[in-house]
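Student: Pasting the sequence and the predicted model now:
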Amino acid sequence: MCGIVGYIGHRKAQDILVEGLKRLEYRGYDSAGVCAVADGALVTAKCPGRIANLEERLAEVPAIGQATLGIAHTRWATHGSPTEANAHPHLSDDGRIALVHNGIIENYLPLKQWLQSKGRTFASQTDSEVLSNLIAEFYASSGDFVEAVRTALHEVTGTYGIAVLCRDEPDRIVAARRGSPLIVGIGQDEYIIASDASAIVAHTANVVYLHDNEMAVIDGDQMRTITIDNVPTTREVELIEYSLEEIALDGFDHFMLKEIFEQPQSIRDCLRGRLNMRESRVQLGGIESVARELVKTRRFIFTACGTAWHAGLIGEFLFEDLARIPAETEYASEFRYRNPIIEDGTAVIAISQSGETADTLAALREARDKGALALGIVNAVGSTIARETDAGVYLHAGPEIGVASTKAFTCQVAVETMLALYLGRRKFMSQEIMTRFMEALAAIPGQIETVLAQSDMIRDVVSRVADRENWLFLGRGYNYPVALEGALKLKEISYIHAEGLPAAEMKHGPIALIHKGMPVVFIAPRCGVYDKIISNIEEVRARGGYVIAVATEGNKEIRRYADAVFYVPDCPQALQPLLTVIPLQLLAYQAAVLRGCNVDKPRNLAKSVTVE
Ligand code: M6R
């Protein structure tokens, strides 16, 4: 979604700002801009489109190139289309304040009307411009920049991560956050503000994570933090856990492909130190503090969005199957608004790669306010969801740059498996069965490698059908969420319409869609209902559908029914999603490439959805 970069130091700000914006490109955006104080004025360059367009625009504004302080932004349109006027930074009408903003100012309309009644004028349709004018209005009466930002933030409802400049105080940046992440990187006599660590990591690993309702006031080479009620705060300097190499393409054509191929390693990293084979125990340091409560938990609710929600559905199966504890999965966006019933003994598990998804965060808060034990399965270390949970388990998947989530998904499922085994063993699972599962889980990375080896064959199959506009993905049991995930992957990056369904549901309506040549992907590994899936395949074949099956290695019989087969190694049913999803990720990737789509920056999508 939107991205913020700010710089104050001894180097040319423009280089650092533009490089930072490029590192944030993966989050999704449709316009970009930069502002710096030059010759006693706030000078901006902004435009719709890519960062390359902005660089051309910057070449026409040499004054910005000389500044050692500035702010920059990539905008993902919410209020108003992606035009130059709506792009950030937004100047107040008197040219004294410039601001970049992530989030949504929900009460921007009444604030705008109030400001208009004071004679303020607006050049854009955005909610963000209202905030720059509001700060300017308070600055005009107090003459105190920091105080003006503080006062304005008290008037605002909604979410914000902001970085603000004042024409009259050219050596100062003020930043603040509520519900939208903001980090300050601390370099050698310089500070880099960003909404995402990837814009900072090239310059320093030392960062301070701002908390909600907190401001950073950076003057030259000094920074202080205060709450928006003006209470000084002390923030520890933390270390960014990943390096620049991890966010490089490393010879792959796209981050998505790189991340698909990283999965053997990301799952190994996720499992590392957590499977104690000698004692037949799963050890998860992040939940030790709530271990007793966890064992007494009578109901688990997974809450998440998108791909993470699919991982939650698999978690539901795992918890019920391996730990025999009731579990359900809720869309975070629905859960938060439907006054959910949280009884004693309920734990809510928020699943999120970014740890910043607005709906998931709000659902977590709702559950916690209602007395649930709040747990997180999160990838981004130090993210808001990770901080707001009572306990949790990190994925250790490394940074995921591709908008289409791949390695985070498999690590989410791996963590859920470990949690289910942890609980199952404490309740009833025998040591023997536990050991068998742990060994099977430890073997998954190697098995994924054998699936990845089919990448070229998958491309050949996809090339036969990549022009078809409607696809179905069908699976049962553990593989039903995998069908949903396969369909989501395909639609989000190749813009093909795809639907995922439990296979047996097809005959209750969707079968009407089947026609000659329509691709139908069956996730059909060895399982208790395999014969029933074969019957479903027959039904599709009878209507001329083009059947692609994901089947267990060694199953030659299925070739009689399917036009193409992708094989996965055998493993316990509970672990199948970790393998069966891999060919579907490759299928979606190859379809997108064949259709000429921008795999890592699909249209209209953002990596981290920080607005409702
Ligand atoms: O960062 P999160 O895991 O909370 O993100 C949730 C969804 O927005 C995300 O999984 C989205 O569906 C991806 N584009 C899927 O590939």
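Tutor: Sure, I can see it. Residues are numbered from 1 along each chain as shown.

Student: from here on, contacts and neighbour counts on C-alpha atoms
Tutor: Noted.

Student: List the contacts of the residue in the stretch 501-612 of the chain positioned nearest to the ligand.
Tutor: Nearest to the ligand, among the residues of the stretch 501-612 of the chain, is S608, at 5.2 Å (C-alpha to the nearest ligand atom). Residues in contact with S608, defined by C-alpha atoms under 8 Å, 6 or more residues apart in numbering, are 1, 27, 354, 356-357.

Student: Pick the one among those residues closest to H101.
Tutor: Distance to H101 across the contacts of S608 (C-alpha to C-alpha) is lowest for M1, with 11.4 Å.

Student: Pass me the low-pLDDT residue ranges in the chain, would you?
Tutor: 1 (pLDDT under 70).

Student: Please list the residues of the stretch 201-350 of the chain that sit near the ligand.
Tutor: Neighbours of the ligand within the stretch 201-350 of the chain, by C-alpha under 6 Å from any ligand atom: 305-308.

Student: Dump these to a markdown table, plus neighbour count and secondary structure.
Tutor: Formatted as a markdown table, these follow (neighbours: other C-alpha atoms under 10 Å; DSSP: H, G, I helix; E, B strand; the rest coil):
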| residue | neighbour count | secondary structure |
| --- | --- | --- |
| C305 | 22 | coil |
| G306 | 15 | helix |
| T307 | 25 | helix |
| A308 | 27 | helix |
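
Student: what does the chain put close to the ligand?
Tutor: Residues of the chain lying near the ligand (C-alpha under 6 Å from any ligand atom): 305-308, 352-355, 357, 403-405, 608-609.

Student: T159 - how many residues pack around it?
Tutor: Look at T159: counted by other C-alpha atoms under 10 Å, it has 23 neighbours.

Student: I figured it hits N107, correct?
Tutor: No. Applying C-alpha atoms under 8 Å as the test, T159 and N107 come out as separate, 10.6 Å apart.

Student: Please enumerate the strands of the stretch 151-300 of the chain.
Tutor: Secondary structure of the stretch 151-300 of the chain by DSSP state E, counting those that start in this stretch: the strands cover 160-166, 172-178, 183-187, 190-194, 206-209, 214-219, 222-227, 232-233, 238-239, 275-276, 281-282, 299-304.

Student: Tell me which strands the fifth one pairs with, and in which orientation.
Tutor: In this case it means strand 206-209. Strand 206-209 pairs in its sheet with strand 183-187 (antiparallel), strand 238-239 (antiparallel), by DSSP bridges.

Student: swap in the last one?
Tutor: With DSSP bridges as the criterion, the sheet partners recorded for strand 299-304 are strand 327-331 (parallel), strand 346-352 (parallel).

Student: what's the most buried one of these?
Tutor: Mean neighbour count (mean count of other C-alpha atoms under 10 Å) peaks for strand 346-352 among the strands paired with strand 299-304, with a mean of 29.

Student: got the contact list for I228?
Tutor: 150-151, 153-154, 213-215.

Student: one more time with 6 Å
Tutor: Taking C-alpha atoms under 6 Å, 6 or more residues apart in numbering, we find I228 in contact with 150, 213-214.

Student: Can you name the residue of the stretch 201-350 of the chain nearest the ligand?
Tutor: Closest point on the stretch 201-350 of the chain to the ligand, by C-alpha to the nearest ligand atom, is G306, at 3.3 Å.

Student: and the gap between that residue and K489?
Tutor: Using C-alpha to C-alpha, to the nearest Å, G306 is found at 10 Å from K489.

Student: so which helix or strand takes in A483?
Tutor: helix 479-494 (DSSP states H and E).

Student: meant to ask about A592
Tutor: With DSSP H and E as criterion, A592 is part of helix 576-594.

Student: residues in contact with that helix?
Tutor: Residues from elsewhere that reach helix 576-594, judged by C-alpha under 6 Å, 6+ apart: 410, 459, 466, 482, 486, 489-490, 493-494.

Student: again, only using 7 Å
Tutor: 410, 448, 451, 455, 458-459, 462, 466, 478-479, 482, 486, 489-490, 493-494, 550, 566, 568, 599 (C-alpha atoms under 7 Å, 6 or more residues apart in numbering).

Student: Kindly report the same for stretch 16-29.
Tutor: When contacts are defined by C-alpha under 7 Å, 6+ apart, stretch 16-29 is touched by residues 1-3, 5-7, 51, 72-76, 198-199, 401-403, 600-601, 605-608.

Student: do stretch 537-557 as well
Tutor: Counting by C-alpha under 7 Å, 6+ apart, residues outside stretch 537-557 touching it are 514-526, 561-570, 580.

Student: Repeat that for stretch 83-102.
Tutor: Contacts for stretch 83-102 (C-alpha under 7 Å, 6+ apart): 2-4, 31-35, 42, 46-48, 72-73, 75, 80, 120-126, 128-129, 132-133, 136, 160-167, 180.

Student: Buried subset of the residues you listed as a ChimeraX selection?
Tutor: Selection command for ChimeraX covering only the buried members of the contacts of stretch 83-102, criterion 16 or more other C-alpha atoms under 10 Å:
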select :2,3,4,31,32,33,34,35,42,46,47,48,72,73,75,120,121,122,124,125,126,128,129,132,133,136,160,161,162,163,164,165,166,167,180
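
Student: re earlier: okay, and which of the contacts of S608 map to strands?
Tutor: Among those, none falls in strands (DSSP state E).

Student: follow-up on the earlier one: next one: the helix holding A592 to chain centre, how far?
Tutor: The chain centroid and the centroid of helix 576-594 are separated by 19 Å under C-alpha atoms, centre = their mean, to the nearest Å.

Student: Just the CA trace of it, in CSV.
Tutor: What follows is helix 576-594 as a C-alpha-only set of coordinates in CSV (Å, rounded to 0.1, in the frame of the first residue of the first chain):
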residue,chain,number,x,y,z
GLN,A,576,-0.4,-32.4,2.3
PRO,A,577,-1.2,-28.7,1.9
LEU,A,578,2.5,-27.9,2.4
LEU,A,579,3.1,-29.9,-0.8
THR,A,580,0.0,-29.6,-2.9
VAL,A,581,0.0,-25.8,-2.9
ILE,A,582,3.5,-25.7,-4.5
PRO,A,583,2.4,-26.7,-8.1
LEU,A,584,-0.5,-24.3,-7.8
GLN,A,585,1.8,-21.4,-7.0
LEU,A,586,4.0,-22.4,-10.0
LEU,A,587,0.9,-22.7,-12.2
ALA,A,588,-0.3,-19.2,-11.3
TYR,A,589,3.2,-17.8,-11.8
GLN,A,590,3.6,-19.4,-15.2
ALA,A,591,0.1,-18.3,-16.3
ALA,A,592,0.8,-14.7,-15.4
VAL,A,593,4.2,-14.7,-17.2
LEU,A,594,2.6,-16.2,-20.3
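
Student: buried sites along it?
Tutor: Quick answer for helix 576-594 (16+ other C-alpha under 10 Å): 576-593.

Student: quick one: the helices in the stretch 401-550 of the chain?
Tutor: 407-427, 431-452, 455-465, 479-494, 530-542 (DSSP state H, counting those that start in this stretch).

Student: Would you tell me which one of the ones you listed is buried the most?
Tutor: Buried most deeply of the helices of the stretch 401-550 of the chain, by mean count of other C-alpha under 10 Å, is helix 479-494, with a mean of 26.

Student: Pull the residues that contact that one.
Tutor: 307, 310, 313-314, 404, 473-475, 496-502, 523, 577, 581, 584-585, 588, 591-592, 595, 597, 599, 602.
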